[in-house]
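J.: Build me a model from this:
(chains A and B)
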2 protein chains.
Amino acid sequence: MTTRLLDACLGKPVDATPIWLMRQAGRYLPEYRAIRERLSFIEMCRRPEVAAEITLQPLARFELDAAIIFADILLPLEGMGIGFHFAEDAGPVIEHPVRAAADLDSLRAGDPQTDVPFVLDALRLVSRELGGKVPLIGFAGAPFTLASYVIEGGHSRHYAEVKKLMYGAPATFERLMDLLTATVIAFLLAQLAAGAQVVQLFDSWVGALGPYDYERFAAPWSRKVLDAVGGHGAPVIHFANGASAMLPQVRAAGGDVIGVDWRIDLDRARDELGEGVAVQGNLDPVALLGPIAQVEARAADVLGRAHGRPGHIFNLGHGLLPQTPPDTVARLVAFVHDWQGER
Amino acid sequence: MTTRLLDACLGKPVDATPIWLMRQAGRYLPEYRAIRERLSFIEMCRRPEVAAEITLQPLARFELDAAIIFADILLPLEGMGIGFHFAEDAGPVIEHPVRAAADLDSLRAGDPQTDVPFVLDALRLVSRELGGKVPLIGFAGAPFTLASYVIEGGHSRHYAEVKKLMYGAPATFERLMDLLTATVIAFLLAQLAAGAQVVQLFDSWVGALGPYDYERFAAPWSRKVLDAVGGHGAPVIHFANGASAMLPQVRAAGGDVIGVDWRIDLDRARDELGEGVAVQGNLDPVALLGPIAQVEARAADVLGRAHGRPGHIFNLGHGLLPQTPPDTVARLVAFVHDWQGER
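T.: Numbers count the residues shown, from 1 in each chain, chains lettered A, B, ... in the order given. Model prediction:
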């Protein structure tokens, strides 16, 4: 049983820096692709025994310090009345994007027990299987990130629709954010009850916003989630991608650990976050496509910049890419654990 | 004749904050679209009298403090032996992306007099037409941004190919960067000789890099360009998009003015850039799709954060979007000029 991750979340000293990787259960693993050949992505999520198997795949290969449940941040939307599907290559497609007040009339706050019981079942299965060997991480998308999908209808380059709604119809935008926030809170609390020992809030697309908009249109709802989910004995990780130039604002929104993308030096990120919070990150995931000597030099740079202060969880600055060689992941995990600097 | 922009570039006091907007000559103007209906984008660039007309279109509508030549950062590539075209909707397509050393054999450093004489002719035409009323800005893409197009073959989400080349074949990457740097230096010096009074280096995609890679794979070549082009009596603006969490590194690469994207508060950006450099930015371009009261509140926030220090050029944090109402641009320009805070 390793408590490295939980200790690091609380800023306690550890025997080695804990490491897990965003999207560690995914397409770069041949055993994942073997399942994907016979099941759609959404079916993989909806079958608890399959989701549990996928969750555990990277743990069988690598000495990772946490498992993260295999799921998708969009899963709770369907129960809210927001239909979506995953288009081959194009990513998620929201069937009726929200663009006006009337689009909200058919929506409701989600109930995880009836909407996403399969995620909770998968958590129970994994939790039993792990037997406390490493902690299990649950997760949800942050309200702004979910709203950006719901309003844009999928991935976006300029986030023009979400910003038009924010600026032009703020009451409608806020009603949607309130619904998403209630859904996310219930979902994360249900994940904790089902066996998650840590939860991560993914604000993947909040980097579309500058600090002016973040304060007005994203942070208040993230704060509600983080307040509601904190204090249940499980550390909460708050990952805000693309927000490296507004880390003080991200920290103010809450979380025991702030996840940092790769666009900032980690020592500087820690200085800006201040004392009393742990940090997670921040190797560029694309670095793992390069030679191993480069990967190790970069990992050493990240570890060195966390130097001398506990409360560091090693991770990437964003998710693993599908073309990542599994062998590179193995080398990275060993390198981080063997690293001989201070912690 | 207004010298506001030139004075602000040098940190001198001004009677009103100067304003120009990235992509101020472009698709949001009906008079631009009228020309675009009969000519392809590349033809518009290649005909000096057309490029000059388009350059002047926004000046006829708005009291902008500078003109920027209508052109594209990819134009100098063709003379280097790198063919490309613009695909409808998909953006630029490089016909033979550089992925290995052998791909460089047929490339050469460009010569602006033979490769892009039409840009220089357009500059001469505009310069004559303006008669010094407002300064004329020339521009080029920064070596890393151009390399990212040349290696990826177009726009990219993860910049996996450029990073694979950087990490796996650094000598090849550096040869390409050297060729691009020589081309960009010659192009910018030729623009100055043809009448540009200010030049801007666009490092549009450098936000793909964290500081570790920026220092090793981008900044040294930007620095060569900025060193070679500076000291000719024309201010040099260095715009690094997505780099708001590494502004000290961007400043160290050079430039009289640092252009800042919208992901950071401008007062904080100025603090991080330090004394002795002017700043340009940084309203979110998508804000211009919202109600005018919102646009003015945001512009006031930007102006307020520049408060009390000269050396601020108002601009967007990235280019104007095609769906921007021209009337909003008119209101923004007037608002910035009328603003009653300190400068």
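
J.: Run through the residues that contact the residue of the stretch 1-150 of chain A found nearest chain B.
T.: Per C-beta to the nearest C-beta, residue A:91 is where the stretch 1-150 of chain A lies closest to chain B, at 10.2 Å. Backbone N, C-alpha and C define where each C-beta goes, glycine included. For residue A:91, the contacting residues are A:154, A:155, by C-beta atoms under 8 Å, 6 or more residues apart in numbering or on different chains.

J.: Give me the phi and psi angles of it.
T.: Per-residue torsions, residue A:91: phi 80, psi -160 (degrees, to the nearest 10).

J.: Which residue is the nearest non-sequential neighbour of the residue in the stretch 201-343 of chain A that chain B sits nearest to?
T.: In the stretch 201-343 of chain A, the residue that lies nearest chain B is residue A:290 (2.8 Å; C-beta to the nearest C-beta). Distances taken as C-beta to C-beta, 6 or more residues apart in numbering or on different chains put residue B:167 closest to residue A:290, at 2.8 Å, once the chain neighbours are dropped.

J.: So the one you found lies in a helix, does it not?
T.: Yes. Under DSSP: H, G, I helix; E, B strand; the rest coil, residue B:167 sits within a helix.

J.: ok, which stretches of the stretch 201-343 of chain A are strands?
T.: Under the criterion DSSP state E, counting those that start in this stretch, the stretch 201-343 of chain A contains strands at A:236-240, A:257-259, A:278-283, A:312-316.

J.: now those as CSV including mean pLDDT?
T.: Below are the strands of the stretch 201-343 of chain A laid out as CSV (pLDDT from 0 to 100):
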stretch, mean pLDDT
strand A:236-240, 98
strand A:257-259, 98
strand A:278-283, 98
strand A:312-316, 98
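
J.: any chance of the ones you listed in CSV, plus distance to residue B:131?
T.: Converted to CSV, the strands of the stretch 201-343 of chain A look like this (distance: least, C-beta to C-beta, whole Å):
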stretch, distance to residue B:131
strand A:236-240, 49
strand A:257-259, 54
strand A:278-283, 52
strand A:312-316, 55
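
J.: Mean neighbour count and distance to residue A:223 added to the ones you listed, as CSV?
T.: Rendered in CSV, the data for the strands of the stretch 201-343 of chain A read as follows (neighbours: other C-beta atoms under 10 Å in any protein chain shown; distance: least, C-beta to C-beta, whole Å):
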stretch, mean neighbour count, distance to residue A:223
strand A:236-240, 26, 10
strand A:257-259, 26, 13
strand A:278-283, 26, 18
strand A:312-316, 27, 22
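
J.: Of those strands, which is nearest residue B:15?
T.: Smallest distance to residue B:15 across these (C-beta to C-beta): 40.4 Å, for strand A:236-240.

J.: State the distance from residue A:232 to residue A:226.
T.: The gap separating residue A:232 from residue A:226 is 12 Å, by C-beta to C-beta, to the nearest Å.

J.: what does residue A:200 give?
T.: 11 Å.

J.: where do the contact lists of the two overlap?
T.: With C-beta under 8 Å, 6+ apart, residue A:200 and residue A:226 have common neighbours A:236, A:238.

J.: can you map out the helices along the stretch 151-300 of chain A?
T.: A:160-168, A:170-193, A:211-217, A:219-229, A:247-253, A:266-273, A:292-306 (DSSP state H, counting those that start in this stretch).

J.: So for residue A:232 and residue A:226, which residue has more residues nearby?
T.: Taking neighbours as other C-beta atoms under 10 Å in any protein chain shown, residue A:232 and residue A:226 compare with residue A:226 leading, 22 against 13.

J.: Number of residues surrounding the nearest residue to the more buried one once chain neighbours are set aside?
T.: Closest residue to residue A:226 apart from its sequence neighbours, by C-beta to C-beta, 6+ apart: residue A:254 at 3.1 Å. A count of nearby residues for residue A:254, using other C-beta under 10 Å, gives 21.

J.: which residues does the closest residue to chain B within the stretch 51-200 of chain A contact?
T.: Per C-beta to the nearest C-beta, residue A:167 is where the stretch 51-200 of chain A lies closest to chain B, at 2.8 Å. Listed by C-beta under 8 Å, 6+ apart, the contact set of residue A:167 reads B:287, B:289, B:290, B:291, B:294.

J.: Over to residue A:41?
T.: Here residue A:41 is in contact with A:72, A:86 (C-beta under 8 Å, 6+ apart).

J.: From residue B:316, how far out is residue A:157?
T.: 16 Å.

J.: likewise residue A:292?
T.: From residue A:292 to residue B:316 the distance is 42 Å (C-beta to C-beta).

J.: and what of residue A:219?
T.: On the measure of C-beta to C-beta, residue A:219 and residue B:316 end up 23 Å apart.

J.: could you dump the helices of the stretch 151-300 of chain A to JSON lines with mean pLDDT?
T.: Listed next are the helices of the stretch 151-300 of chain A as JSON lines, based on pLDDT from 0 to 100:
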{"stretch": "helix A:160-168", "mean pLDDT": "97"}
{"stretch": "helix A:170-193", "mean pLDDT": "98"}
{"stretch": "helix A:211-217", "mean pLDDT": "97"}
{"stretch": "helix A:219-229", "mean pLDDT": "98"}
{"stretch": "helix A:247-253", "mean pLDDT": "98"}
{"stretch": "helix A:266-273", "mean pLDDT": "96"}
{"stretch": "helix A:292-306", "mean pLDDT": "96"}
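
J.: For residue A:59, find the nearest of these.
T.: Per C-beta to C-beta, nearest to residue A:59 of the helices of the stretch 151-300 of chain A: helix A:170-193, 18.3 Å.

J.: what about residue A:338, neighbour count?
T.: If we define neighbours as other C-beta under 10 Å, then residue A:338 has 9 of them.

J.: Quick one: low-confidence residue ranges for chain A.
T.: A:1, A:308, A:342-343 (pLDDT under 70).

J.: and residue A:155, how many neighbours?
T.: 13.

J.: Can you name the residues that contact residue A:300?
T.: Contacts of residue A:300 (C-beta under 8 Å, 6+ apart): A:335, A:339.

J.: Torsion angles phi and psi at the nearest residue to residue A:180 once chain neighbours are set aside?
T.: Spatial nearest neighbour of residue A:180, chain neighbours left out: residue A:143 (4.4 Å); criterion: C-beta to C-beta, 6+ apart. The phi/psi pair for residue A:143 (degrees, to the nearest 10) reads phi -50, psi -40.

J.: How about residue A:84?
T.: Main-chain torsions, residue A:84, degrees, to the nearest 10: phi -160, psi 160.

J.: how about it, what does it touch?
T.: A:74, A:77, A:78, A:92, A:93, A:94, A:95, A:149.

J.: gap between the residue of the stretch 51-200 of chain A closest to chain B and residue B:283?
T.: In terms of C-beta to C-beta, residue A:167 sits 12 Å off from residue B:283.

J.: just residue A:131 next, same as before
T.: Per C-beta to C-beta, residue A:131 is found 54 Å from residue B:283.

J.: Kindly report the residues of chain A close to chain B.
T.: Remark: the part of chain A in contact with chain B comprises A:158-160, A:163-164, A:166-168, A:207, A:209-213, A:242-246, A:262-265, A:268, A:282, A:284-287, A:289-291, A:294, A:298, A:301, A:317, A:321, A:323, using C-beta under 8 Å from any C-beta of the partner chain.

J.: hmm, which of those are the buried ones?
T.: A:158-160, A:163-164, A:166-167, A:207, A:209-213, A:242-246, A:262-265, A:268, A:282, A:284-287, A:289-290, A:294, A:298, A:301, A:317, A:321 (16 or more other C-beta atoms under 10 Å in any protein chain shown).

J.: Quick check, residue A:228 in contact with residue A:187.
T.: No. With contact defined as C-beta atoms under 8 Å, residue A:228 and residue A:187 do not form a contacting pair (11.1 Å).

J.: Residue A:9 versus residue A:200, what's the distance?
T.: 11 Å.
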